[in-house]
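Enquirer: here are the coordinates; sequence isn't available:
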């Protein structure tokens, strides 16, 4: 049990359930859930149940068993949820448990309606197909979108901040996309090298039933800040016998003690002072920054840099693209709009195989003369990969295998970019140059060579053709 959680947080209290028959069935269900899920997930399910029990006490107080429920009762409950101010995910939790307890109970002989297959179709029709819980609602993040200038100021301020815990956490999360709990799990031996490439080892458990060790690629900026963190934490870890790098001396207690940094107090003790220290404001007010924003910064930065949603999903340890799209949804909308302009203007494209691609688009351009809605339908049907600096036009909808399975789309012969993206490519080159400089200082020449390769490819394939074309247009 984490030290920063009181044991009462993990207790499930049944004394508020009035009916003994309902209480017993719920206990049977939760025991089954505990065998396959984490306690925190089961606890969340229980609070979804409480919503139903409150509804039952108010609307159908005579019902003292799940077996006495019928389609009319459940329909009334689902309608109540959809008319409430509850969030989409809360509605799904509060309704989904009822479907699960019915289906599991009918198979296991619990005190539930025995002919209850109707609940599946009712749940799908009323809950899953409701506009209130539709996928698009869930795609749009509730996090406030900070401007590019604010994000840049946060990162640049972090690079100069004297507090190593704050500096390291911001850099690691924005560069790797880690959850704060994952960042807090890193230890002294967290960096490993494979073929010259550094990888960060950490623990994740958010989307798994148990803790899993992960190794993810990192840049030399992360390696550098982790080395600083190791130097800071070495004495403290030895004194307290803690293996973790994010560790601090508690100066506020009567007897100063050493403890791991708490993810519940990180925002209060480190981020809020950081925001005030550097005067990070928007509309004349200090921004309300939390550590989870850094995952959004990472996802959006990776997307703008050309990384595919699939690759971002893997790096962020998401189990589905639906979750990843909550971080990149608004950007994807913008990219689809730009895609229309790209495919309608083949003469201003560049790519490794641009000659044959232009010929294909001239002879048979499936996007020519189509409306925005029609083009969006084609993109979905063909499952084309639209990126913020171009697009890959191979056709996975026909089961064509992607030749760049590692997400390196910019090297793919099917990848094209438009001249309007030249600034994006130039920014990418600048970042690669910065990374090369850090790799050279650390003596990592293998990684330096691979970065140089990528930089030269971008310059030769995209930047130089676009600049040459612009110069020719200026002469004309």
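Expert: That came in fine, so what should we check first? Here the structure is a predicted model, which is why all the values come from computation and not from measurement.

Enquirer: could you report the neighbour count for the nearest residue to residue 287 once chain neighbours are set aside?
Expert: Excluding its sequence neighbours, the residue lying closest to residue 287 (C-beta to C-beta, 6 or more residues apart in numbering) is residue 280, at 5.6 Å. Bear in mind the C-beta positions are built from the backbone N, C-alpha and C, glycine included. For residue 280, the neighbour count with other C-beta atoms under 10 Å is 16.

Enquirer: contacting residues for residue 50?
Expert: Contacts for residue 50 were tallied using C-beta atoms under 8 Å, 6 or more residues apart in numbering; they are residue 16.

Enquirer: what's the helix or strand for it?
Expert: Assessed by DSSP states H and E, residue 50 sits inside helix 39-59.

Enquirer: and the residue nearest to residue 287, what's its pLDDT?
Expert: Listed pLDDT for residue 280 reads 94.

Enquirer: list the helices and strands the next helix or strand after the helix holding residue 50 packs on?
Expert: Using DSSP H and E, the helix or strand that follows helix 39-59 towards the C-terminus is helix 71-83. For helix 71-83, the contact count by 3 or more C-beta pairs under 8 Å, 6 or more residues apart in numbering; DSSP states H and E identifies helix 39-59, helix 88-108, helix 118-123 as packing neighbours.

Enquirer: any buried residues in the second one, and which?
Expert: Which is helix 88-108. The neighbour-count check on helix 88-108 (16 or more other C-beta atoms under 10 Å) flags 88, 90-95, 97-99, 101-102, 104-106 as buried.

Enquirer: residue 244 against residue 185, yeah?
Expert: Yes: using C-beta atoms under 8 Å, residue 244 is in contact with residue 185, at 7.1 Å.

Enquirer: out of the helices and strands packed on helix 71-83, nearest to residue 248?
Expert: Residue 248 lies closest to helix 39-59 among the helices and strands packed on helix 71-83, at 25.1 Å (C-beta to C-beta).

Enquirer: buried residues of the closest one, list them for me.
Expert: Buried residues in helix 39-59, counted by 16+ other C-beta under 10 Å: 42-43, 45-46, 48-49, 51-53, 55-56.

Enquirer: now those as CSV including distance to residue 275 and pLDDT?
Expert: Below are the buried residues of helix 39-59 laid out as CSV (distance: C-beta to C-beta, whole Å; pLDDT from 0 to 100):
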residue, distance to residue 275, pLDDT
42, 36, 70
43, 32, 70
45, 36, 77
46, 36, 76
48, 35, 79
49, 39, 84
51, 36, 88
52, 41, 90
53, 42, 89
55, 42, 92
56, 45, 91
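
Enquirer: which residues of the stretch 251-400 of the chain score low on pLDDT?
Expert: For the stretch 251-400 of the chain, the stretches with pLDDT under 70 are 251-256, 264, 304-306, 308-310, 319-344, 365-373, 375-388, 394-400.

Enquirer: all strands of it, in order?
Expert: Per DSSP state E, counting those that start in this stretch, the stretch 251-400 of the chain carries strands over the ranges 257-260, 281-282, 285-286, 349-350, 385-387, 390-392.

Enquirer: comparing the ones you listed, which comes out most buried?
Expert: Across the strands of the stretch 251-400 of the chain, the average number of neighbours (mean count of other C-beta atoms under 10 Å) peaks for strand 390-392, which reaches a mean of 24.

Enquirer: which other helices and strands does it contact?
Expert: By 3+ C-beta pairs under 8 Å, 6+ apart, strand 390-392 packs against helix 321-343, strand 415-418.

Enquirer: can you list contacts of the shortest one?
Expert: In this structure, residues lying in contact with strand 415-418 by C-beta under 8 Å, 6+ apart are 338, 341-342, 345, 348-352, 354, 357, 389-393, 409, 425, 462.

Enquirer: per the record, what domains does this protein have?
Expert: Following automatic domain parsing, the chain resolves into domains at 7-133, 148-291, 309-475.

Enquirer: pull the longest strand from this structure.
Expert: The longest strand of the chain (DSSP state E) is strand 197-204.

Enquirer: tell me the strands beside that one, with direction?
Expert: Strands that pair with strand 197-204, judged by DSSP bridges, come out as strand 191-194 (antiparallel), strand 212-217 (antiparallel).

Enquirer: okay if I get those as JSON lines plus distance to residue 165, mean neighbour count and mean pLDDT?
Expert: Converted to JSON lines, these look like this (distance: least, C-beta to C-beta, whole Å; neighbours: other C-beta atoms under 10 Å; pLDDT from 0 to 100):
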{"stretch": "strand 191-194", "distance to residue 165": "18", "mean neighbour count": "12", "mean pLDDT": "90"}
{"stretch": "strand 212-217", "distance to residue 165": "21", "mean neighbour count": "14", "mean pLDDT": "87"}
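
Enquirer: any chance of those in CSV, with distance to residue 125 too?
Expert: Below are these laid out as CSV (distance: least, C-beta to C-beta, whole Å):
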stretch, distance to residue 125
strand 191-194, 50
strand 212-217, 37
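
Enquirer: relative to residue 287, which of those is closest?
Expert: strand 212-217 (27.7 Å).

Enquirer: first vs last residue of stretch 49-67, how far apart are they?
Expert: 16 Å (C-alpha to C-alpha, to the nearest Å).

Enquirer: the residue nearest to residue 287 and residue 153, how far apart?
Expert: Per C-beta to C-beta, to the nearest Å, residue 280 is found 6 Å from residue 153.

Enquirer: what about residue 438, how many neighbours?
Expert: By other C-beta under 10 Å, the residues close to residue 438 number 17.

Enquirer: so what's it up against?
Expert: 219-221, 224.

Enquirer: so which of these wins on neighbours?
Expert: residue 220 (21 neighbours).

Enquirer: between the helix holding residue 50 and helix 88-108, how big is the angle?
Expert: 90 degrees (axes from the mean of the first three to the mean of the last three C-alpha atoms, to 10 degrees).

Enquirer: circling back to that earlier point, of the strands paired with strand 197-204, which is nearest residue 24?
Expert: strand 212-217 (34.8 Å).

Enquirer: bridge partners for the residue lying closest to residue 259 once chain neighbours are set aside, pull those for me.
Expert: Leaving out its chain neighbours, the residue that sits closest to residue 259 by C-beta to C-beta, 6+ apart is residue 250, at 5.5 Å. Judged by DSSP bridges, the bridge partners of residue 250 are residue 257.

Enquirer: ok, how many other residues are close to residue 250?
Expert: Residue 250 has 11 neighbouring residues, counting by other C-beta under 10 Å.

Enquirer: surely it touches residue 258?
Expert: Yes: here residue 250 reaches residue 258: they are 7.2 Å apart, a contact under C-beta under 8 Å.

Enquirer: ok, residue 116 to residue 42 distance?
Expert: Residue 116 sits 22 Å away from residue 42, going by C-beta to C-beta.

Enquirer: let me redo that: residue 14
Expert: According to C-beta to C-beta, residue 14 and residue 42 sit 13 Å apart.

Enquirer: go on, residue 265?
Expert: Where residue 42 is concerned, residue 265 sits at a distance of 26 Å (C-beta to C-beta).

Enquirer: same question for residue 448.
Expert: Taken as C-beta to C-beta, the span from residue 448 to residue 42 is 49 Å.

Enquirer: pretty sure residue 82 sits against residue 128.
Expert: No: using C-beta under 8 Å as the test, residue 82 is too far from residue 128 to be in contact (11.5 Å).

Enquirer: and these two? which has more neighbours close in?
Expert: Between residue 82 and residue 128, residue 82 has the larger neighbour count (other C-beta under 10 Å), namely 16 against 13.
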